[in-house]
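Undergrad: Need the 3D shape of this:
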Amino acid sequence: MPIFRAEDIRDDLHLTADAVVVGSGAGGAVAAHELAARGYDVVLLERGGYYITSDFKSDPQWAFEHLYAHRGVTPTLGIPPVLIPYGECVGGSTVINSGTVFRTPARIFDRWRDEHRVEGLETESLNTWYSYIEQKIGATESVWPALGEYNRVLERGVKALGLKGGPLVRNAPHCMGCGVCVFGCPTGAKQSMLVTFVPAADALGVRVYAEAAVDRVRIENGRAVGVEGNIVDRATGRVRARLRVDARVTIVAAGTFGSPVLLAASDVPDRGGHIGRNLKVHPAGGAIARMADDVFAWRAIPQGYKVDQWADDGIMLEGAFGPPEVISLLVPGFGAELQERMAAYKRLVSFGLMVEDRDSTGSVTGVRNRAPIIRYQLGKDDKRRLLFGWKKVMEILFAAGAEEVYPSIRGFDVFRSATQIQQVDEKAVSRSDLTLSAYHPMGTCRMGRDPENAVVDSFLEVHGTRRLFVTDASVFPTALGVNPQATIMTFAARTADYLHRNRETYFRAS
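TA: Predicted structure coming up:
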(Lines give C-alpha, C1' and ligand atoms only; values in the text may rest on other atoms or scores of the structure.)
Protein backbone atom coordinates (compact mmCIF):
# COMPACT_ATOMS: atom_id res chain seq x y z
CA MET A 1 0.00 0.00 0.00
CA PRO A 2 1.43 3.45 -0.84
CA ILE A 3 2.38 6.01 1.78
CA PHE A 4 0.17 8.95 0.91
CA ARG A 5 1.46 12.50 0.51
CA ALA A 6 -0.64 15.66 0.33
CA GLU A 7 -0.30 15.68 -3.46
CA ASP A 8 -2.11 12.33 -3.58
CA ILE A 9 -5.22 13.66 -1.81
CA ARG A 10 -7.96 15.30 -3.85
CA ASP A 11 -11.02 15.09 -1.59
CA ASP A 12 -11.78 15.21 2.11
CA LEU A 13 -10.94 11.99 3.94
CA HIS A 14 -13.24 10.16 6.36
CA LEU A 15 -11.57 6.95 7.46
CA THR A 16 -12.47 4.24 9.96
CA ALA A 17 -10.04 1.94 11.76
CA ASP A 18 -9.53 -0.12 14.87
CA ALA A 19 -6.77 2.29 15.89
CA VAL A 20 -5.45 5.65 14.74
CA VAL A 21 -1.88 6.64 15.62
CA VAL A 22 -0.74 10.27 15.49
CA GLY A 23 3.01 10.51 14.85
CA SER A 24 5.36 8.13 13.04
CA GLY A 25 8.49 8.42 15.18
CA ALA A 26 9.87 5.91 17.67
CA GLY A 27 6.60 5.63 19.61
CA GLY A 28 4.05 5.92 16.82
CA ALA A 29 5.66 3.68 14.21
CA VAL A 30 6.22 0.87 16.71
CA ALA A 31 2.69 1.11 18.15
CA ALA A 32 1.17 1.04 14.66
CA HIS A 33 3.27 -1.92 13.55
CA GLU A 34 2.70 -3.96 16.68
CA LEU A 35 -1.08 -3.53 16.50
CA ALA A 36 -1.14 -4.38 12.80
CA ALA A 37 0.99 -7.46 13.45
CA ARG A 38 -1.74 -8.61 15.83
CA GLY A 39 -4.40 -8.23 13.19
CA TYR A 40 -5.82 -4.76 13.79
CA ASP A 41 -6.73 -2.20 11.15
CA VAL A 42 -4.53 0.87 11.76
CA VAL A 43 -4.22 4.38 10.32
CA LEU A 44 -0.88 6.15 10.92
CA LEU A 45 -0.78 9.94 10.57
CA GLU A 46 2.36 12.10 10.31
CA ARG A 47 2.44 15.90 10.26
CA GLY A 48 5.77 16.04 8.39
CA GLY A 49 6.67 15.06 4.87
CA TYR A 50 7.57 11.68 3.45
CA TYR A 51 11.10 11.31 2.08
CA ILE A 52 13.06 8.20 1.20
CA THR A 53 16.75 7.39 1.54
CA SER A 54 17.59 8.53 -1.99
CA ASP A 55 16.19 11.98 -1.16
CA PHE A 56 18.80 12.60 1.54
CA LYS A 57 21.46 14.97 0.27
CA SER A 58 23.93 15.16 3.19
CA ASP A 59 23.08 18.86 3.10
CA PRO A 60 22.24 20.63 6.38
CA GLN A 61 20.14 23.32 4.72
CA TRP A 62 18.01 20.77 2.86
CA ALA A 63 17.62 18.64 5.99
CA PHE A 64 16.60 21.55 8.22
CA GLU A 65 14.02 22.58 5.63
CA HIS A 66 12.51 19.14 5.04
CA LEU A 67 13.23 16.83 7.99
CA TYR A 68 13.16 19.11 11.05
CA ALA A 69 10.38 20.95 12.81
CA HIS A 70 10.69 24.75 12.47
CA ARG A 71 13.78 24.34 10.27
CA GLY A 72 15.73 22.96 13.22
CA VAL A 73 15.34 26.12 15.32
CA THR A 74 13.16 25.45 18.35
CA PRO A 75 14.43 27.51 21.30
CA THR A 76 13.32 27.59 24.91
CA LEU A 77 12.43 30.66 26.93
CA GLY A 78 14.52 30.84 30.09
CA ILE A 79 18.06 31.14 31.39
CA PRO A 80 19.96 30.05 29.46
CA PRO A 81 18.00 29.54 26.25
CA VAL A 82 18.33 25.97 24.96
CA LEU A 83 18.11 25.01 21.30
CA ILE A 84 16.08 21.79 20.85
CA PRO A 85 16.05 20.49 17.25
CA TYR A 86 13.67 17.60 16.56
CA GLY A 87 12.31 15.71 13.59
CA GLU A 88 9.10 16.31 11.66
CA CYS A 89 8.90 13.76 8.84
CA VAL A 90 7.86 10.16 8.38
CA GLY A 91 10.07 8.39 10.89
CA GLY A 92 10.24 11.41 13.20
CA SER A 93 13.42 12.16 15.11
CA THR A 94 14.79 8.67 14.41
CA VAL A 95 15.53 9.95 10.89
CA ILE A 96 17.73 12.79 12.15
CA ASN A 97 19.22 11.41 15.37
CA SER A 98 22.67 9.86 15.77
CA GLY A 99 21.35 6.32 16.13
CA THR A 100 22.52 5.79 19.71
CA VAL A 101 20.83 2.94 21.58
CA PHE A 102 20.71 2.59 25.36
CA ARG A 103 18.63 0.67 27.84
CA THR A 104 17.41 2.92 30.63
CA PRO A 105 19.30 2.24 33.90
CA ALA A 106 17.45 0.15 36.50
CA ARG A 107 17.79 2.97 39.04
CA ILE A 108 15.48 5.10 36.90
CA PHE A 109 12.79 2.42 36.79
CA ASP A 110 13.19 1.95 40.56
CA ARG A 111 12.47 5.64 41.01
CA TRP A 112 9.40 5.48 38.78
CA ARG A 113 8.13 2.53 40.78
CA ASP A 114 8.78 4.15 44.16
CA GLU A 115 7.86 7.78 43.49
CA HIS A 116 5.24 7.50 40.76
CA ARG A 117 3.87 4.02 41.48
CA VAL A 118 4.34 2.90 37.89
CA GLU A 119 3.43 -0.76 37.45
CA GLY A 120 4.78 -3.40 35.11
CA LEU A 121 8.47 -2.49 35.34
CA GLU A 122 9.76 -5.98 36.04
CA THR A 123 13.31 -6.30 34.71
CA GLU A 124 12.76 -9.60 32.90
CA SER A 125 9.70 -8.30 31.05
CA LEU A 126 11.32 -5.02 30.02
CA ASN A 127 14.50 -6.75 28.89
CA THR A 128 12.42 -9.03 26.67
CA TRP A 129 10.91 -5.97 24.98
CA TYR A 130 14.31 -4.25 24.72
CA SER A 131 15.81 -7.34 23.09
CA TYR A 132 12.97 -7.50 20.58
CA ILE A 133 13.38 -3.82 19.66
CA GLU A 134 17.19 -4.03 19.46
CA GLN A 135 16.93 -6.99 17.09
CA LYS A 136 14.42 -5.15 14.89
CA ILE A 137 16.59 -2.04 14.55
CA GLY A 138 19.95 -3.81 14.31
CA ALA A 139 21.48 -2.44 17.52
CA THR A 140 25.20 -3.25 17.53
CA GLU A 141 28.33 -1.74 19.00
CA SER A 142 30.08 0.76 16.72
CA VAL A 143 33.25 -0.58 15.15
CA TRP A 144 36.28 0.59 13.22
CA PRO A 145 36.90 1.63 10.48
CA ALA A 146 33.54 3.47 10.57
CA LEU A 147 34.54 5.07 13.89
CA GLY A 148 37.39 6.77 12.07
CA GLU A 149 40.39 8.73 13.30
CA TYR A 150 38.04 11.14 15.09
CA ASN A 151 36.97 8.51 17.61
CA ARG A 152 40.57 7.25 17.88
CA VAL A 153 41.46 10.72 19.13
CA LEU A 154 38.69 10.63 21.75
CA GLU A 155 39.71 7.13 22.81
CA ARG A 156 43.33 8.27 23.17
CA GLY A 157 42.32 11.01 25.58
CA VAL A 158 40.01 8.75 27.56
CA LYS A 159 42.65 6.06 27.97
CA ALA A 160 45.33 8.58 28.88
CA LEU A 161 43.19 9.67 31.84
CA GLY A 162 42.23 6.12 32.81
CA LEU A 163 38.51 6.76 32.36
CA LYS A 164 35.72 4.30 31.65
CA GLY A 165 34.58 4.63 28.05
CA GLY A 166 34.08 2.82 24.79
CA PRO A 167 32.17 2.64 21.51
CA LEU A 168 28.45 3.35 21.59
CA VAL A 169 25.76 0.90 20.56
CA ARG A 170 23.86 2.23 17.53
CA ASN A 171 21.11 1.07 15.20
CA ALA A 172 23.41 1.17 12.18
CA PRO A 173 25.00 -2.26 11.77
CA HIS A 174 26.40 -1.51 8.29
CA CYS A 175 27.41 2.10 8.93
CA MET A 176 30.06 3.47 6.57
CA GLY A 177 31.01 6.42 8.80
CA CYS A 178 29.98 9.14 6.34
CA GLY A 179 29.30 11.53 9.22
CA VAL A 180 25.87 12.93 8.29
CA CYS A 181 23.52 10.96 10.57
CA VAL A 182 21.59 14.04 11.66
CA PHE A 183 20.76 15.06 8.08
CA GLY A 184 19.19 11.74 7.05
CA CYS A 185 21.31 8.64 6.48
CA PRO A 186 22.12 8.62 2.73
CA THR A 187 22.99 4.91 2.68
CA GLY A 188 20.05 3.56 4.68
CA ALA A 189 22.46 2.00 7.17
CA LYS A 190 20.80 3.71 10.13
CA GLN A 191 17.76 1.62 10.96
CA SER A 192 15.37 4.48 11.67
CA MET A 193 11.61 4.05 11.71
CA LEU A 194 11.65 5.17 8.07
CA VAL A 195 13.41 1.98 6.98
CA THR A 196 12.18 -0.47 9.64
CA PHE A 197 8.86 -0.18 11.43
CA VAL A 198 7.08 2.18 9.01
CA PRO A 199 7.60 0.04 5.87
CA ALA A 200 6.92 -3.09 7.93
CA ALA A 201 3.65 -1.56 9.11
CA ASP A 202 2.82 -0.52 5.56
CA ALA A 203 3.38 -4.10 4.40
CA LEU A 204 0.88 -5.26 7.03
CA GLY A 205 -1.76 -2.96 5.60
CA VAL A 206 -1.39 0.11 7.83
CA ARG A 207 -2.64 3.19 5.96
CA VAL A 208 0.07 5.84 6.31
CA TYR A 209 -0.62 9.51 5.57
CA ALA A 210 2.15 12.13 5.57
CA GLU A 211 1.45 15.87 5.80
CA ALA A 212 -1.52 15.05 8.04
CA ALA A 213 -1.86 17.77 10.69
CA VAL A 214 -4.14 16.56 13.48
CA ASP A 215 -5.73 19.40 15.46
CA ARG A 216 -8.07 17.55 17.78
CA VAL A 217 -8.77 14.24 19.42
CA ARG A 218 -12.51 13.65 19.32
CA ILE A 219 -13.91 12.69 22.72
CA GLU A 220 -17.44 11.48 23.40
CA ASN A 221 -18.78 10.46 26.80
CA GLY A 222 -15.29 10.31 28.30
CA ARG A 223 -13.90 8.13 25.52
CA ALA A 224 -11.65 8.94 22.55
CA VAL A 225 -13.36 8.08 19.26
CA GLY A 226 -10.79 9.33 16.74
CA VAL A 227 -9.15 12.50 15.44
CA GLU A 228 -9.73 15.43 13.12
CA GLY A 229 -7.34 17.65 11.21
CA ASN A 230 -6.16 18.67 7.77
CA ILE A 231 -4.03 17.36 4.95
CA VAL A 232 -1.60 20.26 4.50
CA ASP A 233 0.81 20.63 1.59
CA ARG A 234 4.13 21.09 3.39
CA ALA A 235 5.70 23.08 0.54
CA THR A 236 2.94 25.68 0.25
CA GLY A 237 1.14 25.50 3.58
CA ARG A 238 -2.14 25.07 1.68
CA VAL A 239 -4.88 22.88 3.14
CA ARG A 240 -5.75 20.25 0.54
CA ALA A 241 -8.43 18.36 2.46
CA ARG A 242 -10.13 17.89 5.78
CA LEU A 243 -9.27 14.70 7.61
CA ARG A 244 -11.34 12.63 10.02
CA VAL A 245 -10.55 9.20 11.39
CA ASP A 246 -13.05 7.27 13.50
CA ALA A 247 -11.30 4.68 15.65
CA ARG A 248 -11.93 2.51 18.67
CA VAL A 249 -8.49 3.34 20.07
CA THR A 250 -6.57 6.60 19.62
CA ILE A 251 -2.81 6.70 20.19
CA VAL A 252 -1.04 10.06 20.37
CA ALA A 253 2.70 9.88 19.65
CA ALA A 254 3.31 13.45 18.49
CA GLY A 255 6.36 13.94 20.71
CA THR A 256 7.03 15.71 23.97
CA PHE A 257 5.97 19.04 22.49
CA GLY A 258 3.22 17.91 20.14
CA SER A 259 1.38 15.45 22.38
CA PRO A 260 0.55 17.77 25.31
CA VAL A 261 -0.42 20.56 22.93
CA LEU A 262 -2.80 18.19 21.12
CA LEU A 263 -4.31 16.90 24.37
CA ALA A 264 -4.84 20.43 25.65
CA ALA A 265 -6.40 21.53 22.36
CA SER A 266 -8.79 18.57 22.61
CA ASP A 267 -9.96 19.60 26.10
CA VAL A 268 -8.77 16.33 27.57
CA PRO A 269 -9.57 16.38 31.32
CA ASP A 270 -6.41 17.13 33.32
CA ARG A 271 -7.24 16.43 36.93
CA GLY A 272 -3.76 17.11 38.24
CA GLY A 273 -2.89 19.96 35.87
CA HIS A 274 0.18 18.14 34.54
CA ILE A 275 -0.41 18.22 30.77
CA GLY A 276 2.54 20.19 29.37
CA ARG A 277 4.40 20.41 32.66
CA ASN A 278 7.43 18.52 34.08
CA LEU A 279 9.58 19.00 30.95
CA LYS A 280 13.01 17.39 30.97
CA VAL A 281 15.47 17.73 28.07
CA HIS A 282 18.96 16.39 28.95
CA PRO A 283 20.69 19.79 28.62
CA ALA A 284 23.87 19.35 26.62
CA GLY A 285 27.09 21.21 25.90
CA GLY A 286 30.55 20.46 24.62
CA ALA A 287 33.89 21.73 23.42
CA ILE A 288 35.85 21.83 20.17
CA ALA A 289 39.59 21.22 19.91
CA ARG A 290 42.24 21.81 17.28
CA MET A 291 44.65 18.92 17.05
CA ALA A 292 48.23 18.98 15.77
CA ASP A 293 47.50 16.54 12.94
CA ASP A 294 44.71 16.05 10.44
CA VAL A 295 41.73 14.12 11.79
CA PHE A 296 39.07 14.47 9.08
CA ALA A 297 36.36 14.07 11.71
CA TRP A 298 33.62 14.14 9.08
CA ARG A 299 34.82 10.76 7.84
CA ALA A 300 33.58 8.99 10.94
CA ILE A 301 30.57 8.19 13.07
CA PRO A 302 29.88 11.56 14.74
CA GLN A 303 28.43 9.99 17.88
CA GLY A 304 30.32 6.74 18.19
CA TYR A 305 32.13 6.98 21.53
CA LYS A 306 31.03 7.50 25.12
CA VAL A 307 32.38 8.03 28.62
CA ASP A 308 29.96 6.67 31.22
CA GLN A 309 32.27 7.03 34.21
CA TRP A 310 29.77 9.32 35.94
CA ALA A 311 26.51 7.87 34.61
CA ASP A 312 25.18 7.19 38.11
CA ASP A 313 25.45 10.91 38.79
CA GLY A 314 23.53 11.61 35.61
CA ILE A 315 26.49 12.80 33.52
CA MET A 316 27.12 11.23 30.12
CA LEU A 317 29.84 12.20 27.63
CA GLU A 318 29.21 11.34 23.99
CA GLY A 319 30.82 12.14 20.67
CA ALA A 320 29.41 15.01 18.63
CA PHE A 321 30.69 16.54 15.42
CA GLY A 322 29.09 18.54 12.62
CA PRO A 323 29.63 20.19 9.25
CA PRO A 324 31.36 23.58 8.95
CA GLU A 325 28.01 25.41 9.08
CA VAL A 326 27.41 24.03 12.57
CA ILE A 327 30.96 23.92 13.94
CA SER A 328 31.62 27.54 12.93
CA LEU A 329 28.86 28.67 15.31
CA LEU A 330 30.87 27.30 18.22
CA VAL A 331 34.36 28.34 17.19
CA PRO A 332 35.32 31.73 18.69
CA GLY A 333 36.33 34.81 16.75
CA PHE A 334 35.09 36.98 13.90
CA GLY A 335 36.33 37.83 10.42
CA ALA A 336 39.91 36.81 9.71
CA GLU A 337 40.32 35.20 13.14
CA LEU A 338 37.34 32.87 12.60
CA GLN A 339 38.45 32.16 9.04
CA GLU A 340 41.88 31.13 10.26
CA ARG A 341 40.45 28.74 12.84
CA MET A 342 37.95 27.24 10.39
CA ALA A 343 40.73 26.80 7.83
CA ALA A 344 41.96 24.10 10.21
CA TYR A 345 38.60 22.27 10.01
CA LYS A 346 40.31 19.01 9.04
CA ARG A 347 42.17 19.14 12.37
CA LEU A 348 39.12 19.91 14.52
CA VAL A 349 37.40 17.46 16.84
CA SER A 350 34.65 17.91 19.38
CA PHE A 351 33.21 16.05 22.33
CA GLY A 352 29.84 16.54 23.99
CA LEU A 353 28.13 15.99 27.31
CA MET A 354 24.60 15.87 28.63
CA VAL A 355 23.11 15.63 32.08
CA GLU A 356 20.05 13.93 33.48
CA ASP A 357 18.18 17.07 34.51
CA ARG A 358 16.95 16.86 38.09
CA ASP A 359 16.29 20.33 39.46
CA SER A 360 15.63 22.20 36.22
CA THR A 361 12.02 23.07 35.45
CA GLY A 362 10.16 23.32 32.17
CA SER A 363 6.82 23.31 30.40
CA VAL A 364 5.24 23.53 26.96
CA THR A 365 2.08 25.26 25.80
CA GLY A 366 0.63 25.61 22.32
CA VAL A 367 -0.21 28.49 20.04
CA ARG A 368 -2.36 27.72 17.03
CA ASN A 369 -0.38 27.45 13.76
CA ARG A 370 2.89 28.39 15.43
CA ALA A 371 5.77 26.68 17.19
CA PRO A 372 5.06 25.54 20.75
CA ILE A 373 6.07 27.86 23.54
CA ILE A 374 8.71 26.04 25.57
CA ARG A 375 9.89 27.33 28.92
CA TYR A 376 12.95 25.90 30.65
CA GLN A 377 15.02 27.11 33.59
CA LEU A 378 18.33 25.41 34.33
CA GLY A 379 18.61 24.35 37.97
CA LYS A 380 21.57 24.91 40.26
CA ASP A 381 22.52 21.25 40.61
CA ASP A 382 22.13 20.61 36.89
CA LYS A 383 24.44 23.56 36.22
CA ARG A 384 26.99 22.12 38.66
CA ARG A 385 27.00 18.75 36.93
CA LEU A 386 27.15 20.37 33.49
CA LEU A 387 30.28 22.27 34.49
CA PHE A 388 31.83 19.12 35.94
CA GLY A 389 31.19 17.27 32.69
CA TRP A 390 32.38 20.23 30.62
CA LYS A 391 35.72 20.22 32.42
CA LYS A 392 36.10 16.48 31.90
CA VAL A 393 35.45 16.93 28.17
CA MET A 394 38.24 19.51 27.98
CA GLU A 395 40.61 17.34 30.01
CA ILE A 396 40.02 14.48 27.58
CA LEU A 397 40.68 16.70 24.57
CA PHE A 398 43.94 18.02 26.02
CA ALA A 399 44.98 14.50 27.04
CA ALA A 400 44.39 13.49 23.41
CA GLY A 401 46.88 16.15 22.27
CA ALA A 402 44.80 19.25 21.61
CA GLU A 403 46.69 22.45 20.80
CA GLU A 404 43.66 24.66 21.50
CA VAL A 405 40.28 23.99 23.08
CA TYR A 406 37.19 26.16 22.52
CA PRO A 407 34.88 25.64 25.52
CA SER A 408 31.70 27.29 24.11
CA ILE A 409 31.32 29.11 27.44
CA ARG A 410 31.08 32.89 27.36
CA GLY A 411 34.18 34.52 28.82
CA PHE A 412 36.39 31.52 28.01
CA ASP A 413 37.06 31.65 24.30
CA VAL A 414 40.31 29.71 23.94
CA PHE A 415 42.24 27.43 26.28
CA ARG A 416 45.79 26.51 25.34
CA SER A 417 46.63 24.21 28.24
CA ALA A 418 44.82 21.90 30.63
CA THR A 419 45.82 24.10 33.58
CA GLN A 420 43.34 26.75 32.39
CA ILE A 421 40.40 24.39 32.89
CA GLN A 422 40.35 25.09 36.64
CA GLN A 423 39.14 28.62 35.81
CA VAL A 424 35.75 27.14 34.92
CA ASP A 425 33.95 26.98 38.25
CA GLU A 426 30.48 27.74 39.55
CA LYS A 427 31.40 31.24 40.71
CA ALA A 428 33.07 32.26 37.45
CA VAL A 429 30.33 30.91 35.17
CA SER A 430 26.70 31.92 35.32
CA ARG A 431 23.84 29.99 33.72
CA SER A 432 23.57 32.59 30.96
CA ASP A 433 27.23 31.97 29.99
CA LEU A 434 26.50 28.42 28.87
CA THR A 435 25.84 27.48 25.25
CA LEU A 436 23.29 24.68 25.55
CA SER A 437 21.32 22.47 23.23
CA ALA A 438 19.14 19.44 23.92
CA TYR A 439 17.90 16.48 21.89
CA HIS A 440 15.78 14.38 24.23
CA PRO A 441 12.67 16.26 25.42
CA MET A 442 10.61 14.16 27.85
CA GLY A 443 8.04 14.31 30.60
CA THR A 444 5.13 16.55 29.56
CA CYS A 445 2.50 13.77 29.78
CA ARG A 446 4.14 11.78 32.53
CA MET A 447 2.93 8.39 33.67
CA GLY A 448 1.94 7.32 37.14
CA ARG A 449 -0.85 5.61 39.03
CA ASP A 450 -2.29 8.74 40.63
CA PRO A 451 -4.33 11.00 38.29
CA GLU A 452 -3.54 13.93 40.60
CA ASN A 453 0.13 13.54 39.78
CA ALA A 454 0.23 12.08 36.27
CA VAL A 455 -1.34 12.34 32.83
CA VAL A 456 -1.25 8.67 31.78
CA ASP A 457 -1.35 5.43 33.74
CA SER A 458 1.26 2.67 33.80
CA PHE A 459 0.22 1.35 30.38
CA LEU A 460 -0.03 4.87 28.93
CA GLU A 461 -3.81 5.33 28.87
CA VAL A 462 -4.79 8.91 29.64
CA HIS A 463 -6.34 9.24 33.09
CA GLY A 464 -10.01 10.09 32.77
CA THR A 465 -10.29 9.48 29.01
CA ARG A 466 -10.84 5.88 27.97
CA ARG A 467 -9.19 4.44 24.87
CA LEU A 468 -6.79 7.38 24.54
CA PHE A 469 -3.10 6.51 24.86
CA VAL A 470 0.23 8.37 24.59
CA THR A 471 3.33 6.46 23.39
CA ASP A 472 6.28 8.84 23.17
CA ALA A 473 8.94 10.32 25.45
CA SER A 474 6.42 12.70 27.01
CA VAL A 475 5.25 9.85 29.28
CA PHE A 476 8.57 9.42 31.11
CA PRO A 477 8.18 10.63 34.72
CA THR A 478 11.84 11.68 34.96
CA ALA A 479 14.80 12.17 32.67
CA LEU A 480 16.45 8.88 31.65
CA GLY A 481 20.09 9.97 31.70
CA VAL A 482 20.64 8.14 28.39
CA ASN A 483 19.46 8.49 24.79
CA PRO A 484 15.76 7.54 24.87
CA GLN A 485 14.81 6.06 21.50
CA ALA A 486 15.02 2.38 22.50
CA THR A 487 13.00 3.03 25.65
CA ILE A 488 10.31 4.90 23.68
CA MET A 489 10.04 1.92 21.32
CA THR A 490 9.99 -0.55 24.21
CA PHE A 491 7.12 1.19 25.98
CA ALA A 492 5.18 1.61 22.72
CA ALA A 493 5.47 -2.12 21.97
CA ARG A 494 4.49 -2.90 25.57
CA THR A 495 1.36 -0.76 25.24
CA ALA A 496 0.35 -2.37 21.93
CA ASP A 497 0.68 -5.78 23.57
CA TYR A 498 -1.38 -4.56 26.54
CA LEU A 499 -4.14 -3.40 24.17
CA HIS A 500 -4.19 -6.78 22.46
CA ARG A 501 -4.28 -8.69 25.73
CA ASN A 502 -7.23 -6.52 26.76
CA ARG A 503 -8.88 -6.43 23.35
CA GLU A 504 -12.35 -7.16 24.70
CA THR A 505 -12.13 -3.89 26.64
CA TYR A 506 -10.58 -1.70 23.99
CA PHE A 507 -11.70 -3.03 20.60
CA ARG A 508 -15.27 -4.06 21.14
CA ALA A 509 -17.85 -1.96 19.32
CA SER A 510 -19.44 -0.27 22.34
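Undergrad: Which stretches in the stretch 251-400 of the chain count as helices?
TA: 255-265, 324-327, 335-342, 380-399 (DSSP state H, counting those that start in this stretch).
Undergrad: same question but for the chain, I mixed them up
TA: Under the criterion DSSP state H, helices of the chain are mapped to 26-37, 60-66, 106-116, 123-136, 148-160, 197-203, 255-265, 324-327, 335-342, 380-399, 485-501, 503-506.
Undergrad: The fifth one: how far from the chain's middle?
TA: Offset of helix 148-160 from its chain centre (CA atoms, centre = their mean, to the nearest Å): 26 Å.
Undergrad: Which positions in it come out as buried?
TA: By 16 or more other CB atoms under 10 Å, the buried positions in helix 148-160 come out as 148-151, 153-155, 157-158. Just so you know, the C-beta spots here come from the backbone N, C-alpha and C atoms, and that holds for glycine as well.
Undergrad: same question, the longest one
TA: For helix 380-399, the buried set under the neighbour-count rule, 16+ other CB under 10 Å, comprises 382-383, 385-399.
Undergrad: Over to the second one?
TA: Residues 60, 63-64, 66 are the ones in helix 60-66 that count as buried (16+ other CB under 10 Å).
Undergrad: residues touching Val73, list them.
TA: Counting by CB atoms under 8 Å, 6 or more residues apart in numbering, Val73 touches 64, 83, 85.
Undergrad: Can you lay out these as JSON lines showing pLDDT?
TA: Listed next are the contacts of Val73 as JSON lines, based on pLDDT from 0 to 100:
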{"residue": "Phe64", "pLDDT": "96"}
{"residue": "Leu83", "pLDDT": "96"}
{"residue": "Pro85", "pLDDT": "96"}
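Undergrad: re earlier: who wins for proximity to Asp41 among the helices of the stretch 251-400 of the chain?
TA: Closest approach to Asp41 among those (CB to CB): helix 255-265, 22.2 Å.
Undergrad: Contacts made by that closest one with the rest, please.
TA: 22-23, 25, 47, 74, 86, 92-93, 214-217, 252-254, 270, 275-276, 279, 364-366, 372, 374, 441-445, 455, 462, 470, 472-474.
Undergrad: Recalculate using a threshold of 6 Å.
TA: Outside helix 255-265, the residues that touch it by CB atoms under 6 Å, 6 or more residues apart in numbering are 216, 252, 254, 275-276, 364, 366, 372, 441-442, 444-445, 470, 472-474.
Undergrad: just the buried members of these?
TA: 252, 254, 275-276, 364, 366, 372, 441-442, 444-445, 470, 472-474.
Undergrad: Among those residues, which lie within strands?
TA: 252, 364, 470 (DSSP state E).
Undergrad: out of those, who's nearest Ile288?
TA: Distances from Ile288 to those, taken by CB to CB, are shortest for Val364, at 30.6 Å.
Undergrad: Now do Thr74: how many residues are near it, please.
TA: Here the number of neighbours of Thr74 (other CB atoms under 10 Å) works out to 20.
Undergrad: Please disregard the earlier target; I meant Arg10.
TA: Counted with other CB under 10 Å, residues neighbouring Arg10 total 9.
Undergrad: Tell me the pLDDT of it.
TA: Looking at Arg10, its pLDDT reads 93.
Undergrad: Please apply the same query to Ser510.
TA: For Ser510, the predicted pLDDT is 59.
Undergrad: same thing with Val367?
TA: Per-residue pLDDT puts Val367 at 72.
Undergrad: Repeat that for the one 3 residues further on.
TA: Model confidence at Arg370, expressed as pLDDT, equals 68.
Undergrad: Thr104: which of the buried residues of helix 60-66 is nearest?
TA: When the buried residues of helix 60-66 are compared against Thr104 (criterion: CB to CB), the nearest one is Ala63, at 28.3 Å.
Undergrad: shouldn't that closest one be in contact with Cys181?
TA: No: between Ala63 and Cys181 there is no contact, the gap being 10.6 Å when judged by CB atoms under 6 Å.
Undergrad: and Asp202, what does it touch?
TA: Contacts of Asp202 by CB under 6 Å, 6+ apart are 1, 208.
Undergrad: change it to 8 Å
TA: 1, 3, 208.
Undergrad: For Glu88, see how far away it is.
TA: Separation of Asp202 from Glu88 (CB to CB, to the nearest Å): 19 Å.
Undergrad: Hmm, Ala402 is touching Ala289, no?
TA: Yes: the pair Ala402 / Ala289 is scored as a contact, 3.7 Å apart, by CB atoms under 8 Å.
Undergrad: Need the overlap of contacts for these two.
TA: In contact with both Ala402 and Ala289: Val349, using CB under 8 Å, 6+ apart.
Undergrad: How many residues are close by Asp270?
TA: Using other CB under 10 Å, Asp270 has 20 other residues around it.
Undergrad: so what's it up against?
TA: Here Asp270 is in contact with 263-264, 455 (CB under 8 Å, 6+ apart).
Undergrad: Buried only: go through the residues you listed for me.
TA: 263, 455.
Undergrad: between the contacts of Asp270, which is nearest Gly314?
TA: Distance to Gly314, by CB to CB, is smallest for Val455 among those, at 23.6 Å.
Undergrad: how about the closest residue in space to that closest one that isn't next to it in sequence, what does it touch?
TA: Closest residue to Val455 apart from its sequence neighbours, by CB to CB, 6 or more residues apart in numbering: Cys445 at 4.2 Å. Cys445 is in contact with 256, 259-260, 263, 274-275, 455-456, 462, 470, 474-475, counting by CB under 8 Å, 6+ apart.
Undergrad: how distant is stretch 56-68 from the center of its chain?
TA: 17 Å.
Undergrad: Report the buried residues of the helix or strand of the chain with the lowest mean pLDDT.
TA: Least confident helix or strand of the chain, by mean pLDDT, DSSP states H and E, is helix 324-327 with a mean of 91. For helix 324-327, burial by neighbour count (16+ other CB under 10 Å) applies to Ile327.
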